[in-house]
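*Asks:* fold the following for me, if possible:
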Amino acid sequence: MENQRELIEDIIIDVRSPSEFSHSHIPNAINLPIFNDDEYKKIGTLYKQNPIEANFLGASLACRNIANILDDNKNLLNHKNKILIYCARGGNRSLSLYSVLISLKLRVKRLDGGYKSYRNIVLNYLNNPINRTFLTLCGNTGCGKSELIKKAESWSIDLENLCNHFGSSFGFISSDITNKKTPSVKMFQNMLYSNLINKQGILLIENESKKLGDIIIPNTLYNAYQNAKKILITCDLEHRIERIYNLYKNINQNDFINTMNKISAYIKKDIKDEIINAFNNNELKKVAELLLVKYYDLKYKKSNYDFVVNSNDINKAYDEVLDIRDTIYS
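*Replies:* Now for the predicted structure:
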């Protein structure tokens, strides 16, 4: 496998344990584990003591679990679908299910080298210059850049969505809103790679900082969108306040106060006290305004830009972004 474009099967099956899969996997894969977490750990421990006995135990458990997999997944494991199976390194776990499915005359392949080979491809891609053309959105917090990225879903790289973080000091609340956990670094890299490989043409991206929550943006990507053509997104303050209010209005008090304490070094004490008092009085739009004007706008590092688009009307703004794309990259 040279790149993800070879993963054209209808179904990709990850047979590793649930905890391995949860940590990171090939995007769009489904987990049909040969061993559950306890079984996998037990076999691994036994193997260090008695490899032969561990192999017998593994074979016994695999036979039982594969029988259950066949019973429970007849809608997936059929002659209509092309199937790719992988485990950690292309070893016995993937071989065991592959052998059964190939005996049933299903259209099935194993990923040579397993998940490790896939990870090597991802890292090699992200560690080398990214040969893609970007159009980068910049501008103050609350100007609608994220909305424009979402409107351009088919041709954008949504870093905030991939990181499950809104990119601001309070951006961690994204996990509460989406009800999804923050991905591991490996899973973020896998999803980023998948987006970069599978989306063709010009890519719209936001001028994010180097770090979103616990995720570090790869240098190659960061440099690529920093050096791309940039569109400055502007917006009247009232619209920015409304966006921030709608996004963060349900933040709980502990999270709010803890974050205010973390940014204390970057905000005057009297302003911080005014913001906290407004929050305690449930004056949340005032909180949004103060944070925008007295914190975010002062902290924002202005970038050079090539175009300006006003986003008071987000639909009109998106049309203008499309015009810019088509004009400069036609």
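
*Asks:* per-residue pLDDT, residue 5?
*Replies:* Note on residue 5: pLDDT of 51.

*Asks:* same thing with residue 8?
*Replies:* In this prediction, residue 8 carries a pLDDT score of 63.

*Asks:* same check on the one 3 residues further on?
*Replies:* Looking at residue 11, its pLDDT stands at 95.

*Asks:* how about the contacts made by it?
*Replies:* Shown in contact with residue 11 (Cβ atoms under 8 Å, 6 or more residues apart in numbering): 30, 76, 81-84. To be clear about C-beta, it is placed using only N, CA and C from the backbone, and glycine gets the same treatment.

*Asks:* after the least confident helix or strand in the chain by mean pLDDT, next one along is what?
*Replies:* Lowest by mean pLDDT, DSSP states H and E among the helices and strands of the chain is helix 174-178, with a mean of 63. Downstream of helix 174-178, the first helix or strand assigned by DSSP states H and E is helix 185-198.

*Asks:* for the helix or strand following that next one, what is the distance to the chain centroid?
*Replies:* Next along the chain after helix 185-198, taking DSSP H and E as the criterion, comes strand 203-206. Chain-centre distance of strand 203-206: 14 Å, with Cα atoms, centre = their mean, to the nearest Å.

*Asks:* what's the answer for stretch 86-101, then?
*Replies:* How far stretch 86-101 lies from its chain's middle: 27 Å, per Cα atoms, centre = their mean.

*Asks:* what mean pLDDT would you report for that stretch?
*Replies:* Average pLDDT, stretch 86-101: 96.

*Asks:* just the C-alphas of it, formatted as CSV.
*Replies:* Taking C-alpha atoms only, stretch 86-101 is exported to CSV below (Å, rounded to 0.1, in the frame of the first residue of the first chain):
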residue,chain,number,x,y,z
TYR,A,86,-5.9,-5.3,9.1
CYS,A,87,-4.4,-5.9,12.5
ALA,A,88,-1.4,-4.3,14.2
ARG,A,89,1.4,-5.6,12.0
GLY,A,90,-0.3,-7.9,9.5
GLY,A,91,0.0,-11.0,11.7
ASN,A,92,-2.1,-13.8,13.1
ARG,A,93,-5.2,-11.7,14.0
SER,A,94,-5.9,-10.5,10.5
LEU,A,95,-4.8,-13.8,9.0
SER,A,96,-7.3,-15.7,11.1
LEU,A,97,-10.3,-13.8,9.9
TYR,A,98,-8.9,-13.5,6.4
SER,A,99,-8.5,-17.3,6.1
VAL,A,100,-12.1,-17.9,7.1
LEU,A,101,-13.5,-15.2,4.7
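
*Asks:* run through who's touching that stretch.
*Replies:* Here stretch 86-101 makes contact (Cβ under 8 Å, 6+ apart) with 12-16, 20, 26, 29, 32, 34-35, 58-59, 62, 66, 69-70, 77, 83, 85, 108-118.

*Asks:* from the residues you listed, which land in strands?
*Replies:* The members of the contacts of stretch 86-101 that map onto strands under DSSP state E are 12-14, 83, 85, 108-110.

*Asks:* check which helix or strand covers the residue most central in space within the chain.
*Replies:* Residue closest to the average C-alpha location in the chain (Cα atoms, centre = their mean): residue 162, at 2.0 Å. Per DSSP H and E: residue 162 is located in helix 159-163.

*Asks:* what's that helix packed up against?
*Replies:* Applying 3 or more Cβ pairs under 8 Å, 6 or more residues apart in numbering; DSSP states H and E, one finds that helix 159-163 contacts helix 145-151, helix 185-198, strand 203-206, strand 211-212.

*Asks:* list just the one of those that sits closest to residue 290.
*Replies:* Residue 290 lies closest to helix 145-151 among the helices and strands packed on helix 159-163, at 21.0 Å (Cβ to Cβ).

*Asks:* I'd guessed residue 77 sits against residue 83; true?
*Replies:* Yes - Residue 77 lies in contact with residue 83 (Cβ atoms under 8 Å); the separation is 7.1 Å.

*Asks:* give me the common contacts of those two.
*Replies:* 101, 106.

*Asks:* the biggest helix by length in the chain packs against which elements?
*Replies:* In terms of residue count, the longest helix belonging to the chain (DSSP state H) is helix 51-72. In terms of contacts (3+ Cβ pairs under 8 Å, 6+ apart), helix 51-72 is packed against helix 37-49, helix 92-103.
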